[in-house]
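Trainee: dropping the sequence and predicted coords here.
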Amino acid sequence: MRELSLGQAVDRAIEDAMARDDSIVFMGEDAPMLRAPLFARFGADRVLATPISEAAFFGAAAGAAMAGLRPVVELYMVDFVAVALDAVLNHMAKLETFSGGSWKAPLVIRAPTGAGYGDGGQHGQSLWGSLASIPGLSVVVASTPADAYGLMTTALAHDGPVVFMEPKLLSEEWLEFLGRGGRNTVSFNVPAEGRMGEVPDPPHATPFGSAAVRREGSDLTIASLAVGVHRALEAATRLHDQAIDCEVIDLRSLRPLDVTTVTASAEKTGRLLVVDEDYREFGLSGELAAVSLEAGLAPRFGRVCVEDTLPYARHLEDEALPNVERIITAATALVSS
Amino acid sequence: MDLPELYRQMMRARTYELAVEDLWNTGLISGEMHLGTGEEAVAAGVVTHLKDGDGLALTHRCSPALVVRGVPLAAMLSEMLGSENGLCRGRGGHMHLFSKEHLAATSGIVGASLPTAAGFALANRRLRPGTVAVAFTGAGAMNQGMALETLNLAVAWELPLVIVCIDNGWAITTISTAVTGGDLVERATGFGMRAESVNGRDVRAVHKIAGKLIERARRGKGPSFLLASCPRLDGHILGDKLIRMAKKPIGEGKDTFSKVITAAMSRGGGGLKDRAGSMTQIMSVMARARRGTARERRGDPIISARKAMKKLEAERERIDAEVAAEIDKAVSDALADVGKNNDA
């Protein structure tokens, strides 16, 4: 076992895979300095600095993947995928179908995700619902260092395009870079369980499409991902004191989605609460309601999501995010009614 | 406009940014903070030409131009402090500042100022004849597709647009020439646009050439591009790890360097030549960061402007005192506003 931060676990998984597989190349803005250890070990041929040109280097990553490389392409923040969306939506995601299944683009998009450190609504979005709505992509989101390693390892061996999302609030490196900047005068509401954790040695790959039950319970199912899992677990501990017994599911993978684990739990408890840092409308929470209905279930349903553009002011941001208080209020309402 | 007035605008921008730095250090401002220290001559030289109705689209490093444009300073500071009485009611933050009254908008998306300003120019031509739009952008942003597409669009539509491209040598922590092909003035010329370059540390030179280009746009003679070189005195963001490591390799860089060395010595990976090449490049970026950050550096545009004013010592001291009082008042107003909110 090794004790790693979530960000270190992602770095470790990429470095280990690059040592095994010469076809993996890494590219991104500032890659030589931002990923200096990777650059020092693998050199400029495999760790490429890109210009600030997301549309071009995402398109190039898709082309390189079609032609035999396995690119890892890093964004500073998932918000900036908007600049490169054509390459993602219309090209890498379409290739397999358009080629009748004969051609796939194995690449990984590493996308730091989420809010909670006061960077405003253009730098703190989650967007996994939008991305996971696109056929042809895999979308995975880690909430622990072990899964960060495991999901990235699976992504690097996968034969199609994968969006790997890394919650910034759980990544000490991103938080230091973007939030703290060497100051000791600011603090963030970081769930301790997600920040550091043990990564098995040798590590295991986490399969796609497999949710993890983080806590078992009988009264209410809380389905979440990323930071939300830790908020839900804290809420579950407090709800236990009110004699409400919560089951907490970490989805880990949105596309493919582990429908079986979610619906089995919702059937058991009869209540489903989705805790989602992405936007409320037309996204993950609606999708989980739909798969429950499709499974013939009619659980009492609620959702705690981001409802509007994230505000900059820290106190407003904390209120807008799915925090423990909002989860407890929603859970109590579902159980009492 | 005479030199003392240009100098006053530069000092307003500089003093404002130093106040922001203090507030950020105390933790009252959250998130990333990109200071525009070093860009004062460009901001003052260009923005003092703008009139009512002119549009201004800016980047994540937006304060100097907004200060010179006359956006209320206390409202901007209150915004950064997250106040309901801030310029954008605490919703925008420092990368997302909007003043409808000044037709001024900022964005944290690199390259986005160009198409926005093109739209301002289009609307201005139709709705407010004789007005123009100015985009500020960085040299690193000129590789973004939307920026290149706007060069073409502006020429195709003959927009009253001036694109001011600030070249501080960096694209975040990458040396921008390492990821940029060709010369940016030639690039703009290649799109059929009038393109000039200027020493962005010399406020009088910037003021003169910007005046010509803006006047040209007002007369319907089409878009232009101005490349202005200047230093970036405080790194990409406050607390920039690269700058901290460059200044204090033992204290700040220890953890990173030990990871780099461990990785470079690990079995598997690139050959000796690849690894040595990487190490050389990392050291050279660090050295450049260290050289570039000394504020005393001769390239500081404030120092250049002061030298140019050496026969006007008394006037300069008066301006410095007036600017200091103006910024002090804006800071205390903004802090009082936040204090009130906290009491409420």
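Mentor: The structure has been received and is ready for your questions.
Trainee: show me what the host helix or strand of A:Ala266 is packed up against.
Mentor: Using DSSP states H and E, the element containing A:Ala266 is helix A:259-269. Other helices and strands packing on helix A:259-269, by 3 or more Cβ pairs under 8 Å, 6 or more residues apart in numbering or on different chains; DSSP states H and E, are strand A:220-224, strand A:246-250, strand A:271-279, helix A:284-294. The way it works is simple: take the backbone N, C-alpha and C, and place the C-beta from them, glycine included.
Trainee: let's go with 10 Å and repeat that
Mentor: When contacts are defined as 3 or more Cβ pairs under 10 Å, 6 or more residues apart in numbering or on different chains; DSSP states H and E, helix A:259-269 sits against strand A:212-215, strand A:220-224, strand A:246-250, strand A:271-279, helix A:284-294, strand A:300-306.
Trainee: pick the most deeply packed of these.
Mentor: strand A:220-224 (a mean of 29; mean count of other Cβ atoms under 10 Å in any protein chain shown).
Trainee: output the contacting helices and strands for that strand.
Mentor: Going by 3+ Cβ pairs under 10 Å, 6+ apart, strand A:220-224 lies up against strand A:212-215, helix A:227-241, strand A:246-250, helix A:259-269, strand A:271-279, helix A:284-294, strand A:300-306, helix A:324-336.
Trainee: export the ones you listed to CSV and tack on distance to B:Asp22 and mean pLDDT?
Mentor: Formatted as CSV, these follow (distance: least, Cβ to Cβ, whole Å; pLDDT from 0 to 100):
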stretch, distance to B:Asp22, mean pLDDT
strand A:212-215, 43, 98
helix A:227-241, 31, 98
strand A:246-250, 42, 98
helix A:259-269, 50, 98
strand A:271-279, 32, 98
helix A:284-294, 42, 98
strand A:300-306, 32, 98
helix A:324-336, 33, 97
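Trainee: ok, which of the ones you listed comes nearest A:Met77?
Mentor: Nearest to A:Met77 among those is strand A:271-279; the distance by Cβ to Cβ comes to 13.7 Å.
Trainee: partners of that closest one in the sheet?
Mentor: Looking at strand A:271-279 with DSSP bridges, its partner strands are strand A:220-224 (parallel), strand A:300-306 (parallel).
Trainee: could you tell me the angle between it and helix A:284-294?
Mentor: Going by axes from the mean of the first three to the mean of the last three Cα atoms, to 10 degrees, strand A:271-279 is angled at 150 degrees with respect to helix A:284-294.
Trainee: chain center to strand A:271-279, what's the gap?
Mentor: Offset of strand A:271-279 from its chain centre (Cα atoms, centre = their mean, to the nearest Å): 14 Å.
Trainee: whether stretch A:190-210 contacts chain B - can you check?
Mentor: No: counting by Cβ under 10 Å from any Cβ of the partner chain, chain B is not contacted by stretch A:190-210; separation bottoms out at 14.2 Å.
Trainee: what comes up buried for that stretch?
Mentor: By 16 or more other Cβ atoms under 10 Å in any protein chain shown, the buried positions in stretch A:190-210 come out as A:190-191, A:194-197, A:199, A:203, A:206, A:208-209.
Trainee: as a check, name the ranges of all helices in chain B.
Mentor: Using DSSP state H, the helices found in chain B span residues B:3-25, B:40-47, B:63-69, B:73-80, B:113-127, B:145-156, B:184-190, B:203-218, B:241-247, B:254-265, B:272-293, B:301-308, B:313-343.
Trainee: what's the distance between A:Ile24 and B:Thr262?
Mentor: Using Cβ to Cβ, to the nearest Å, A:Ile24 is found at 20 Å from B:Thr262.
Trainee: compare those two (neighbour count), which wins?
Mentor: Higher neighbour count among A:Ile24 and B:Thr262: A:Ile24, with 21 against 12, using other Cβ atoms under 10 Å in any protein chain shown.
Trainee: wait, isn't that one in contact with A:Arg70?
Mentor: Yes: judged on Cβ atoms under 10 Å, A:Ile24 makes contact with A:Arg70 at a distance of 4.6 Å.
Trainee: run through the chain and note the low-pLDDT ranges.
Mentor: Looking at chain A here, since you left the chain open. Along chain A, segments meeting pLDDT under 70 span A:337.
Trainee: right idea, wrong chain: chain B
Mentor: Ranges of chain B meeting pLDDT under 70: B:292-297, B:341-344.
Trainee: let's see 80
Mentor: Across chain B, the ranges flagged by pLDDT under 80 are B:291-298, B:340-344.
Trainee: show me how the chain divides into domains.
Mentor: In the absence of a named chain, this looks at chain A. A:2-199, A:212-336 (automatic domain parsing).
Trainee: wait, chain B
Mentor: Following automatic domain parsing, chain B resolves into domains at B:3-233+B:298-343, B:241-293.
Trainee: could you dump those into TSV and include distance to chain A?
Mentor: Output for the domains of chain B, formatted as TSV (distance: least, Cβ to the nearest Cβ, whole Å):
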stretch	distance to chain A
domain B:3-233+B:298-343	3
domain B:241-293	3
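Trainee: just the ones you listed: most buried one?
Mentor: Comparing the domains of chain B by mean neighbour count (mean count of other Cβ under 10 Å), domain B:3-233+B:298-343 ranks first with a mean of 21.
Trainee: got the contact list for the closest residue to chain B within the stretch 151-300 of chain A?
Mentor: Nearest to chain B, among the residues of the stretch 151-300 of chain A, is A:Gly181, at 2.4 Å (Cβ to the nearest Cβ). By Cβ atoms under 10 Å, 6 or more residues apart in numbering or on different chains, the contact set of A:Gly181 is A:175, B:24-25, B:31-33, B:235, B:237-241, B:244.
Trainee: mind running it again at 8 Å?
Mentor: A:Gly181 is in contact with B:32-33, B:237-240, counting by Cβ atoms under 8 Å, 6 or more residues apart in numbering or on different chains.
Trainee: and what of A:Leu137?
Mentor: Residues near A:Leu137 by Cβ under 8 Å, 6+ apart: A:88, A:92-93, A:131, A:160-163, A:255.
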